[in-house]
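task: produce atomic coordinates for the following.
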Amino acid sequence: MRVIVVGGGVVGTMHAWQAVERGHEVVQIEREAEARGASLRNFGQIWVSGRAGGEELDTALRARELWEAIGERVPGLGFRAIGSLTPVRNSREHAVAEAAVARHDAAARGYKLVTAEEARAINPALRGAFEAALWCERDAAVEPRTAQLHLREALKASGRYTFLPGREVREVVGNGAVRDDHGDVHQGDTVVLATGAWLSGLVRELVPDLPVRRVRLQMMQTAPLGETLTTSVADADSFRYYPAYKSAALDELNAEQAQAPIAAAHKMQLLMVQRQDGGLTIGDTHEYEHPFAFDTLEDPYTHLTEVVESFLGRPLPRIRHRWAGVYAQCTDTTRVVHRQQVADGVWLVTGPGGRGMTCSPAIAETTANELGW
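The predicted structure is shown next:
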């Protein structure tokens, strides 16, 4: 079988991985010289902890298994089974963490409520003030800016993989066939359009009423911390944005404890992961209304810096990078991904939202199973 994958991000690359693993030939086409979208501009978190139950959690847990297995074969991914800590500072936040630990699927997520002393034993860099923390053992991380590069090197070693950068696919020209902007036709048994947040052009022509929206976020990265941050770190505002934490305790938190004005205005939470060079990737904000701003705003960065410093009990290292990114999210946010046949032999796979890095291996595996690869 010959599979054409359009899109060089993590969802597209994982579809290429699945096809090559199953013995097929793959041509992967990317309109940029390298992937430049959400697959690089994210935390690199394999974030099981916040996922909704049922299909979403099953997908995340399966993806976590696949990431670990792939990481053993491709060390350059930088896969690290580091877990995460969410420090809590008062009784309302503590009650939300307790409700999470009481979930029927808490064991699958690796949830445990730990004291501040236990949290600091897990992550000694957390010297700031908090009273307890929610520990999630199943969370992990990879290096987002280089993951696709190392995956492609492993795919090339199979002898059945070709990467074609700098080509934009413009039209579907037959069963399992597409034409790019060089005029070349790429014929396969199956075409997978994994175009991420690029929802215009060919995607709009194929699916004018696509139930997927674009979301913009801001993030930043510091110089090396100078010590190891042994886990990912979130703050209690993350409880407000992830479905796993829905409970009566969360309702009370939302009703009685407002977010800081800047955090509320920008729909913010703290997520933080240490990169292999020692720097910290920190975010994030959420912007849903189009047209998106073309600039980044400083107030959210100031807020995040204050939150991080309060947990670390020390000044944040110098900020080296600030950036914005855009990802695609199903308008029905309970859906893990939008998967649709859009022409004979052509499938569109998009819209995983902030779950793309976490869930992409399992999303691709499901596509491969459903299409009989």
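
give me the buried positions along stretch 97-107.
97-100, 103, 106 (16 or more other CB atoms under 10 Å). Every C-beta, even on glycine, is put in place using the N, C-alpha and C of the backbone.

nearest to Ser247 among those residues?
Checking the buried residues of stretch 97-107 against Ser247 by CB to CB gives Ala99 as the nearest, at 3.8 Å.

give me the distance between the closest one and Ser158.
46 Å (CB to CB, to the nearest Å).

for Gly166, same thing?
22 Å.

could you dump the buried residues of stretch 97-107 to a markdown table with distance to Gly353?
Putting those into a markdown table (distance: CB to CB, whole Å) gives the following:
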| residue | distance to Gly353 |
| --- | --- |
| Ala97 | 24 |
| Glu98 | 27 |
| Ala99 | 24 |
| Ala100 | 21 |
| Arg103 | 21 |
| Ala106 | 23 |
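
and the contacts of the helix or strand hosting Leu348?
Using DSSP states H and E, the element containing Leu348 is strand 346-350. With CB atoms under 8 Å, 6 or more residues apart in numbering as the test, strand 346-350 has contacts from 11, 15, 172, 176, 178, 190-196, 199, 203, 206-207, 210, 212, 328, 337-342, 363, 367, 371.

now those residues: which count as buried?
11, 15, 172, 176, 178, 190-196, 199, 203, 206-207, 210, 212, 328, 337-340, 342, 363, 367, 371.

can you give me the helices in the stretch 101-250 of the chain?
With DSSP state H, counting those that start in this stretch as the criterion, the stretch 101-250 of the chain has helices at 106-109, 116-122, 144-156, 202-206, 248-256.

for the nearest residue to Ser49 once chain neighbours are set aside, name its beta-bridge partners.
Nearest residue to Ser49 in three dimensions, chain neighbours excluded: Cys136, at 3.6 Å (CB to CB, 6 or more residues apart in numbering). For Cys136, the residues forming beta bridges with it (DSSP bridges) are Ser84, Tyr111.

these two touch, right, Cys136 and Gly83?
Yes - taking contacts as CB atoms under 8 Å, Cys136 lies within contact range of Gly83: 5.9 Å.

who touches the helix of greatest length in the chain?
Longest helix in the chain by number of residues (criterion: DSSP state H): helix 55-73. Applying CB under 8 Å, 6+ apart, the contact partners of helix 55-73 are 17, 46-48, 51, 77-79, 81, 105, 108-109, 138, 140, 142, 151, 154, 243-244, 334, 336, 355, 358-363, 365-366.

surely Val88 is in contact with His94?
Yes - counting by CB under 8 Å, Val88 touches His94, with 4.9 Å between them.

any residues in contact with both of the two?
In contact with both Val88 and His94: 131-132, using CB under 8 Å, 6+ apart.

more crowded one of these two?
Val88 (23 against 20; other CB atoms under 10 Å).

contacts only, for that one.
94, 96-97, 130-134, 236.

next step: the residues you listed restricted to strands.
132-134 (DSSP state E).

how about these in CSV, adding neighbour count and distance to Thr222?
Below are those laid out as CSV (neighbours: other CB atoms under 10 Å; distance: CB to CB, whole Å):
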residue, neighbour count, distance to Thr222
Ala132, 20, 26
Ala133, 29, 22
Leu134, 28, 24
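
between these, which is nearest Glu34?
Leu134 (36.2 Å).

contacting residues for that closest one?
49, 85-86, 88, 97, 100-101, 111-114.

distance of it relative to Val11?
Taken as CB to CB, the span from Leu134 to Val11 is 29 Å.
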